[in-house]
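Asker: Got a sequence here, can you build the structure:
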Amino acid sequence: MTYIGNEPFLVGGKPISITMNDYWRWAYSDLADSRNRSVMAEFIVASSIGAAHLDTDTSRSAWKQYSLLSPDGYKLEVQSAAYVQSWDTEHPDHVSFQIAPSRMPDSSGKPKLDTPLQRKSDVYIFCIYKAMEKDESPLDLDLWEFYVLPTSVLDEMKPVQKTITLPSLMKLEPVWCDYYGIEEAIQKVMEKNA
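Answerer: Below is the predicted model:
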């Protein structure tokens, strides 16, 4: 079921004064928290490429083999990182991303141990929230940078590596873009990789 936010919680079948929006605000409003910011990065990419269908019953699934499916049918893995973390606002962090290959799951979602480690996407989109102060807003899309790289490059150059730092990523020559250029960057790397 997909919620829009104004749905009330119920007790004895009757609405009470709290809503889904109250829950979302309580649980997910700290966007300096890396878990929340990671989901936000997926939303930002989805909205940029037209894959965030807010007017339908589709919503994000945490159990997919990849983050998003582009309108052109490319499987996208979205990874995010930031310099500022909610747990340490005084010491900017170094930027690194998760790139670990994994095993295919069985019908219950558990990894099948007899399958090879692999990355399941066509393209990685690395999102960097580049603010250096916690009071800056992640809603300001000018504070985000995006780097797009075909998964095949990671498979060739970093086949079993689990994380990658920003300097190591730059050596792989990803395509840089801003919010409005994500879809074009995906097309560019896929055409170059064909």
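Asker: From now on I want contacts and neighbour counts done on CA atoms only, so please keep to that.
Answerer: Will do.
Asker: helix or strand right after the helix or strand hosting Asn21?
Answerer: Assigned by DSSP states H and E, Asn21 belongs to helix 20-28. Using DSSP H and E, the helix or strand that follows helix 20-28 in sequence is helix 34-49.
Asker: can you give me the helices in this structure?
Answerer: Using DSSP state H, the helices assigned to the chain run over residues 20-28, 34-49, 151-157, 166-171, 182-193.
Asker: Deepest-packed of the ones you listed, please.
Answerer: helix 34-49 (a mean of 19; mean count of other C-alpha atoms under 10 Å).
Asker: What's the local residue count around the nearest residue to Thr163 once chain neighbours are set aside?
Answerer: Leaving aside its sequence neighbours, Thr163 sits nearest to Gln98 (C-alpha to C-alpha, 6 or more residues apart in numbering; 4.5 Å). By other C-alpha atoms under 10 Å, 15 other residues sit near Gln98.
Asker: Give me the pLDDT for Gln98.
Answerer: Gln98 carries a pLDDT value of 94.
Asker: So it is in contact with Thr165, correct?
Answerer: No: using C-alpha atoms under 8 Å, Gln98 is not in contact with Thr165, being 9.1 Å away.
Asker: Report the separation between Asp140 and Ser17.
Answerer: From Asp140 across to Ser17, the span is 32 Å (C-alpha to C-alpha, to the nearest Å).
Asker: Now do the lowest-mean-pLDDT helix or strand in the chain and helix 34-49, the angle between them.
Answerer: The weakest-scoring helix or strand in the chain, judged by mean pLDDT, DSSP states H and E, is helix 20-28 (a mean of 88). Following axes from the mean of the first three to the mean of the last three C-alpha atoms, to 10 degrees, one obtains 120 degrees for the angle between helix 20-28 and helix 34-49.
Asker: what does helix 20-28 contact?
Answerer: Residues outside helix 20-28 that contact it (C-alpha atoms under 8 Å, 6 or more residues apart in numbering): Tyr3, Ile4, Gly5, Asn6, Glu7, Pro8, Phe9, Asn36.
Asker: Pull out the CA atoms of it and give them to me as PDB.
Answerer: Presented in PDB, the C-alpha positions along helix 20-28 are these (Å, rounded to 0.1, in the frame of the first residue of the first chain):
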ATOM      1  CA  MET A  20       1.600   9.400   8.300                       C
ATOM      2  CA  ASN A  21       3.200  12.900   7.800                       C
ATOM      3  CA  ASP A  22       3.800  13.000  11.600                       C
ATOM      4  CA  TYR A  23       5.500   9.600  11.400                       C
ATOM      5  CA  TRP A  24       7.600  10.600   8.400                       C
ATOM      6  CA  ARG A  25       8.700  13.800  10.100                       C
ATOM      7  CA  TRP A  26       9.600  11.900  13.200                       C
ATOM      8  CA  ALA A  27      11.500   9.100  11.500                       C
ATOM      9  CA  TYR A  28      13.100  10.600   8.400                       C
END
